[in-house]
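# model the structure of this input:
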Amino acid sequence: MLNIKCKCGENMWSSQMPNELEYWVYSDRQMDLMLQDDTLSSIDMCIMSECKAWKCPKCSRLYILDSKTNDVLGVYKPELNSEE
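Numbers count the residues shown, from 1 in each chain. Below is the predicted model of the structure:
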């Protein structure tokens with residue numbers, strides 16, 4: 001079971017399935033290959049993903065994780081003000 005404590009203080013857990021926090025990330029090429037192969041199971045599709053993202057329900061930060069090791073590869077905080 002994976003636990004990530006967000007920088008905002010929110011605890012995120014992978015205890016429930018399906019996990020509302022988790023998004024699988026695929027390249028456009030990977031997605032195209034998966035759509036062409038109707039024999040792929042959902043498990044196969046998860047294995048094909050190089051990374052996944054967890055979205056904090058409190059602050060919407062995205063944690064990008066290596067899908068094999070669960071190492072955090074990066075953290076992204078949405079900009080609240082779109083003015084530049």
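
# contact partners for residue 60?
77, 78 (CB atoms under 8 Å, 6 or more residues apart in numbering). No exception for glycine: its C-beta is placed from N, CA and C like everyone else's.

# swap in the one 5 residues further on?
By CB under 8 Å, 6+ apart, the contact set of residue 65 is 51, 52, 53, 54, 71, 72, 73.

# who wins on neighbours among the residues you listed?
residue 54 (23 neighbours; other CB atoms under 10 Å).

# quick check: that residue vs residue 77, distance?
Plainly put, residue 54 is 13 Å away from residue 77 if you go by CB to CB, to the nearest Å.

# for the longest helix along the chain, packing partners?
For the chain, the longest helix by residue count, based on DSSP state H, is helix 28-36. Applying 3 or more CB pairs under 8 Å, 6 or more residues apart in numbering; DSSP states H and E, we find helix 28-36 packed against helix 42-48.

# so which strand or helix has residue 73?
According to DSSP states H and E, residue 73 maps onto strand 72-76.

# okay, now the sheet partners of that strand, with direction.
strand 62-66 (antiparallel) (DSSP bridges).

# how about the strand it pairs with: buried residues?
Buried positions in strand 62-66, judged by neighbour count with 16 or more other CB atoms under 10 Å: 62, 63, 64, 65.

# average pLDDT for that strand?
In this model, strand 62-66 has a mean pLDDT of 95.

# what does stretch 33-49 rub up against?
24, 25, 26, 30, 67.

# are any of those buried, and if so which?
Buried by 16+ other CB under 10 Å: 26, 67, out of the contacts of stretch 33-49.

# look up how far residue 64 lies from residue 49.
Remark: distance between residue 49 and residue 64 (CB to CB) = 11 Å.

# which neighbours do these two share?
Common neighbours of residue 49 and residue 64 are listed as residue 25 (criterion: CB under 8 Å, 6+ apart).

# dump the C-alpha coordinates for the lowest-mean-pLDDT helix or strand in the chain into CSV.
Every helix and strand of the chain was ranked by mean pLDDT, DSSP states H and E. The lowest is helix 42-48, at a mean of 77. C-alpha atoms of helix 42-48 as CSV (Å, rounded to 0.1, in the frame of the first residue of the first chain):
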residue,chain,number,x,y,z
SER,A,42,-6.5,-3.6,-18.0
ILE,A,43,-3.5,-5.2,-16.2
ASP,A,44,-1.5,-5.2,-19.5
MET,A,45,-2.4,-1.5,-20.0
CYS,A,46,-1.1,-0.7,-16.5
ILE,A,47,2.2,-2.5,-17.1
MET,A,48,2.7,-0.5,-20.4
